[in-house]
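Participant: what would the 3D arrangement of this be:
(one chain, ligands or ions: 1)
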Amino acid sequence: MPSISRSPLKEQKIGNLNQGSKASNKSLDRKHWILQQRRSLPIASAERKLVDEVRKNDTMIIVGETGSGKTTQLPQYLFNAGFCRDGKVIGITQPRRVAAITVAKRVAEECDVQLGQKVGYAIRFEDATSGSTRIKYMTDGLLLREALLDPILSRYSVIIVDEAHERTVHTDVLLGLLKKVQGARLKQHKLDKPYANNVVKFDNECHSSNTKFSPLKLIIMSASLDAKGFSEYFGGAKAVYVQGRQYPVVILYTYNPEPDYVDATVITIFQIHLDDNPGDILAFLTGQEEIELVDMLVHERLKQLPEHSRNILTVPIYSSLPSDQQMNVFRPTPFNFRKVILATNIAETSVTIPGVKYVIDPGVVKSRYYNPVTGMESLIIMSISKAQALQRSGRAGREGPGKCFRLYPESEFWKLIDSTVPEIKRCSLSNVVLQLKALGFDDIIGFEFMDKPSRSAIKQSLQELYLLGALTDDCKLSDPVGIQMARFPLDPIYSKALILSREFRCLEEMLIVVAMLSVESIFYSPREKLEEARSAWKKFSSPDGDHLTLVTVFRAAIEYREKSRAATNKEKSIDKSLSRWCRDNFINNRSLKHALDVHSQIKVYLEQMDMSLSSCGDDVLQFRRCLTASFFLNAAEKQPDGSYRVKANGQNVQIHPSSVLFRAKPECIIFTELIQTNQIYVRSVSRAWMPELSKYYDAES
Ligand SMILES: Nc1ncnc2c1ncn2[C@@H]1O[C@H](COP(=O)(O)OP(=O)(O)OP(=O)(O)O)[C@@H](O)[C@H]1O
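Facilitator: Predicted coordinates for the structure are as follows:
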């Protein structure tokens, strides 16, 4: 087995607080143990001070080491201090669903209540809260959606924006929105005061009255925050630092850069497994395909080990994995096994995965990048920031001392940028603009972003939304198209495709396409079985292109599932037989399941909007017309050399070899995916319907 330089490795200790042996805790009952653990968190000694500061300041920035207890404890301190006494709610936003769910579960357990009662969570399509919920964890996107219905977020006394350093688009829009809401609530509160006769006096102005519009407390929180930047954005808001770390984490670097981080990850997994103490491993990778590759490599190499050393259990976690499968990583590790969690940056912040003692960090991440000149977005693998490296190492050392293996030299670490470039500066803004318009912010350029996106990016997205019919001539949200588009939790171009497909009577097909395009790689082919896979896929292949091919795969899977259901009513058996079908047909079972999940979720939205499903049946021309009308911005024409020129921006692209049209090379295509490797490829390609396309482009263009 090749080896990376591990001995001697550079060691650097971070943190210094060791809480002593936990062996004795094992004998205590769980409640007592949890209580003891809570008391030993670094944040515990700062409870009084934090509560006092929140009372004194309407906006606050809290910075504290990973694992110090910010996410789980602060909401409980505020609850106990009376911030929910008048029925108000403390809301805590997370950039990711998995964090919202797992932290809420943990806090419910700490409070000894059933999840959904005092403590709950809400994420898109899932609401585990009730009328009695007072501590509510949610995704930042969900709070934005709530603001559509309740623009001053009247039910919240406190909103904590957690992991703000991630600077997702949702976080940034939320920050601007919350600033406005805070101003509006304060103004309203002052107006209300003279009429608030039945004041219930508590020790804090925040909950000192029964008026509907009490001021909103806002807390921005993270372990790796540019506190100064946030403080300035919020007009000099107070920043508080929580000192101390729960357990030490030893950081190890390689002496030389690793030429192949995937291979280095696999090697490190085995080095830990064979040489180190028991404890689960969390390895960060860039995406589903890489995770599946490492999974396969680990299993291949396991076969070379003696029987007694093969006790490794791999568990994947990435964003397009259905929620219930994501939760597998939190299940207890079977006795005598070592769990190896293969994760994207979804597991980078907030989460505590019980049992994890080792973190492997290759130092890369897959990020969205948008080119405002071409209007195209692509995914690029790039180096992480120092803040991300810190967060990753912070996933070890949460239940005891840990180790983090950085698969790059220490000198490389110091070259990393401090914090991630805000997503808003590197993604398409169409969705942001649509959401802001729906929230009533018409002047997008004047919106108070913490980091302003470029004017050209804003203009490009306004133009795109106008072309899609979401905006009127005077840049207002159009009724009903724009309003309907904003209701879908999808990219505007997909929302538009669904709305249009009703007109073309092919909503059933378009819904399948949108669901199948929401997941990574439906087709799956082990390198050694490529020919076998290709011949299995032939039966799904449509001469019209990849979109109708996806429709055929989806329908074949449904038909097979229904057949299995007729034979048995046991869900587990049905699941198993669908997995078998996927294996036989070289279809990625996980991706298909996710697509089925997304399909039923979007269907709920369609039902709510009274959009009934209709199928074009065998009239595929109807579907091609609709596809062309929906994605005319993604039309490309064949060039004499066999490459394609995107009509909207002149960019030169190639059809990806995985497309069913790779060899056919039709004159004009519609594509729905752009990927950038050493070349720019378009994937998911169909034949355009020329008469429809000519409505959007004049003859010369
Ligand atoms: N689901 C869980 N299972 C077991 N222990 C947990 C769980 N969630 C939290 N803990 C414990 O509580 C500690 C504090 O977690 P918390 O998420 O509040 O820290 P944090 O300061 O917000 O960290 P981060 O900045 O990494 O999100 C963890 O280090 C861990 O010991």
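
Participant: quick check: which ranges of the stretch 101-250 of the chain have low pLDDT?
Facilitator: Across the stretch 101-250 of the chain, residues meeting the criterion (pLDDT under 70) sit at 125, 192-213.

Participant: that one: helices as residue ranges?
Facilitator: For the stretch 101-250 of the chain, the helices defined by DSSP state H, counting those that start in this stretch cover 140-149, 169-192, 227-233.

Participant: reformat the ones you listed as a markdown table; add mean neighbour count.
Facilitator: In this view, the C-beta of every residue, glycine as well, is placed from N, C-alpha and C. Below are the helices of the stretch 101-250 of the chain laid out as a markdown table (neighbours: other Cβ atoms under 10 Å):
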| stretch | mean neighbour count |
| --- | --- |
| helix 140-149 | 19 |
| helix 169-192 | 19 |
| helix 227-233 | 16 |
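
Participant: in a markdown table: these, plus distance to the ligand.
Facilitator: Output for the helices of the stretch 101-250 of the chain, formatted as a markdown table (distance: least, Cβ to the nearest ligand atom, whole Å):
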| stretch | distance to the ligand |
| --- | --- |
| helix 140-149 | 15 |
| helix 169-192 | 14 |
| helix 227-233 | 14 |
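
Participant: Glu448 touches Leu177, doesn't it?
Facilitator: No - assessed by Cβ atoms under 8 Å, Glu448 is found out of contact with Leu177, at 9.4 Å.

Participant: contacting residues for Ser367?
Facilitator: Going by Cβ atoms under 8 Å, 6 or more residues apart in numbering, Ser367 touches 379-380, 382, 423, 426.

Participant: repeat that for Val242.
Facilitator: 42-43, 46, 50, 62-65, 68-70.

Participant: list buried residues within those.
Facilitator: 42-43, 46, 50, 62-65, 68-70 (16 or more other Cβ atoms under 10 Å).

Participant: and the ligand, which of those residues reach it?
Facilitator: 64, 68-70 (Cβ under 6 Å from any ligand atom).

Participant: tell me the two of those that are most distant?
Facilitator: Gly64 and Gly69 (7.6 Å; Cβ to Cβ).

Participant: now for these two: what residues contact both?
Facilitator: 42-43, 242.

Participant: which of those residues sits closest to the ligand?
Facilitator: Here the nearest of those to the ligand, counting by Cβ to the nearest ligand atom, is Ile43; it sits at 6.8 Å.

Participant: kindly report the residues of the chain close to the ligand.
Facilitator: Near the ligand, when you scan the chain using Cβ under 6 Å from any ligand atom, you find 41, 64, 66-73, 102, 106, 223, 246, 349-350, 352, 354, 394, 398-399.

Participant: list only buried entries from the residues you listed.
Facilitator: 41, 64, 66-73, 102, 106, 223, 246, 349-350, 352, 394, 398-399.

Participant: could I get the ones next to the ligand among the buried ones among the contacts of Val242 as a markdown table with pLDDT and secondary structure?
Facilitator: Shown next, in a markdown table, are those (pLDDT from 0 to 100; DSSP: H, G, I helix; E, B strand; the rest coil):
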| residue | pLDDT | secondary structure |
| --- | --- | --- |
| Gly64 | 91 | strand |
| Ser68 | 91 | coil |
| Gly69 | 94 | coil |
| Lys70 | 95 | helix |
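
Participant: can you tell me which of those residues is nearest Asn431?
Facilitator: Using Cβ to Cβ, these come closest to Asn431 at Lys70, 29.1 Å.
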